[in-house]
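J.: sequence isn't available, so here's the structure alone:
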């Protein structure tokens, strides 16, 4: 994608550095994904990996989310953590979802999926092998905008 990542304008004092953002997205397990459906917004939780400066999602191809993204690839994603106000932190990403590989995924060789699938398998199963059920497919979201916050920086 040739679009340049838009810089965060507000909250720079509490914004995460690139290293902090990479670490945070590497350790968190669930994101919330918002798509635009025929009746308005549709939000769902999903597992994800942050790989190559992109969010990678595996989605059921027979889901409302998938249908929404085929009509309109715009997507919003939030990953957050913390219980008390002074420990809240998170990342909001907006971009466009792009299907990578076959849909649904059955396991054919797709070099572009090698690293995301390895990262996903390690993160969620503790192994090196990605299971392909013939019902899910991969979506890559290269951020057009990233906003982050870490209230722990407020002191």
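T.: Received it, and whenever you're ready, just let me know what you need. Quick caveat, the model's predicted, so the values are computed rather than measured.

J.: all the strands of this structure, residue numbers only.
T.: For the chain, applying DSSP state E gives strands covering 30-37, 40-51, 54-60, 74-81, 89-100, 136-150.

J.: next up, phi/psi of the spatially closest residue to residue 148 that is not a sequence neighbour, please.
T.: Of all residues not flanking residue 148 in the chain, residue 16 sits nearest, at 4.0 Å (C-beta to C-beta, 6 or more residues apart in numbering). The way it works is simple: take the backbone N, C-alpha and C, and place the C-beta from them, glycine included. The phi/psi pair for residue 16 (degrees, to the nearest 10) reads phi -80, psi 150.

J.: count of residues packed around residue 16?
T.: Burial measure for residue 16: 21 neighbouring residues, criterion other C-beta atoms under 10 Å.

J.: can you list contacts of stretch 124-132?
T.: Applying C-beta atoms under 8 Å, 6 or more residues apart in numbering, the external contacts of stretch 124-132 come out as 29, 47, 105, 106, 107, 117, 118, 120, 121, 122.

J.: circling back to that earlier point, mind putting the strands of the chain into a markdown table with mean neighbour count, mean pLDDT and distance to residue 20?
T.: Shown next, in a markdown table, are these (neighbours: other C-beta atoms under 10 Å; pLDDT from 0 to 100; distance: least, C-beta to C-beta, whole Å):
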| stretch | mean neighbour count | mean pLDDT | distance to residue 20 |
| --- | --- | --- | --- |
| strand 30-37 | 18 | 97 | 17 |
| strand 40-51 | 16 | 96 | 12 |
| strand 54-60 | 21 | 97 | 16 |
| strand 74-81 | 18 | 98 | 12 |
| strand 89-100 | 20 | 97 | 9 |
| strand 136-150 | 21 | 97 | 7 |
